[in-house]
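J.: Sequence and predicted structure below; questions after.
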Amino acid sequence: MDVAFFERLFETASLIARHPDYPGKQRVVDDCRAEVKELTVSGRISAEQGQTLLRILAGVKQPTV
């Protein structure tokens, strides 16, 4: 696995997760989750790395309606 690639993904997921809420943020988070799953299935990142990224993204608050 490309460690530098995972580190960039980790930093990006962390940035998105801690970014203040804005219209459309949940869509971005959902898109990121889907991309992480695709990267895991394709073998570009390990299952463990995928779970790490998904845990970061899980920390994003769901919008209240």
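T.: Okay, I see it.
J.: what secondary structure does D21 sit in?
T.: Reducing the assignment to helix, strand or coil with DSSP: H, G, I helix; E, B strand; the rest coil, the entry for D21 is coil.
J.: and it, how many residues sit next to it?
T.: By other CB atoms under 10 Å, the residues close to D21 number 10. In short, each C-beta sits where N, CA and C put it, glycine included.
J.: Check I56 too.
T.: 21.
J.: ok, and what's touching the helix or strand it falls within?
T.: Here I56, judged by DSSP states H and E, is contained in helix 47-58. Contacts to helix 47-58, defined as CB atoms under 8 Å, 6 or more residues apart in numbering, come from residues 1, 6, 9-10, 13-14, 16-17, 29, 32-33, 36-37, 39-40, 45.
J.: next one: it to chain centre, how far?
T.: Chain-centre distance of helix 47-58: 7 Å, with CA atoms, centre = their mean, to the nearest Å.
J.: CA-only coordinates of that helix, as PDB, when you get a sec.
T.: Taking Å, rounded to 0.1, in the frame of the first residue of the first chain, the C-alpha atoms of helix 47-58 are listed here in PDB:
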ATOM      1  CA  ALA A  47      -9.600  -2.600   4.900                       C
ATOM      2  CA  GLU A  48      -8.100  -1.300   8.100                       C
ATOM      3  CA  GLN A  49      -7.200   2.000   6.400                       C
ATOM      4  CA  GLY A  50     -10.700   2.200   5.000                       C
ATOM      5  CA  GLN A  51     -12.200   1.700   8.500                       C
ATOM      6  CA  THR A  52      -9.900   4.400   9.900                       C
ATOM      7  CA  LEU A  53     -11.200   6.900   7.300                       C
ATOM      8  CA  LEU A  54     -14.800   5.900   7.800                       C
ATOM      9  CA  ARG A  55     -14.400   6.400  11.600                       C
ATOM     10  CA  ILE A  56     -13.100   9.900  11.000                       C
ATOM     11  CA  LEU A  57     -16.100  10.700   8.700                       C
ATOM     12  CA  ALA A  58     -18.500   9.100  11.200                       C
END
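J.: Only the buried residues of it, if you could.
T.: Buried positions in helix 47-58, judged by neighbour count with 16 or more other CB atoms under 10 Å: Q49, G50, T52, L53, I56, L57.
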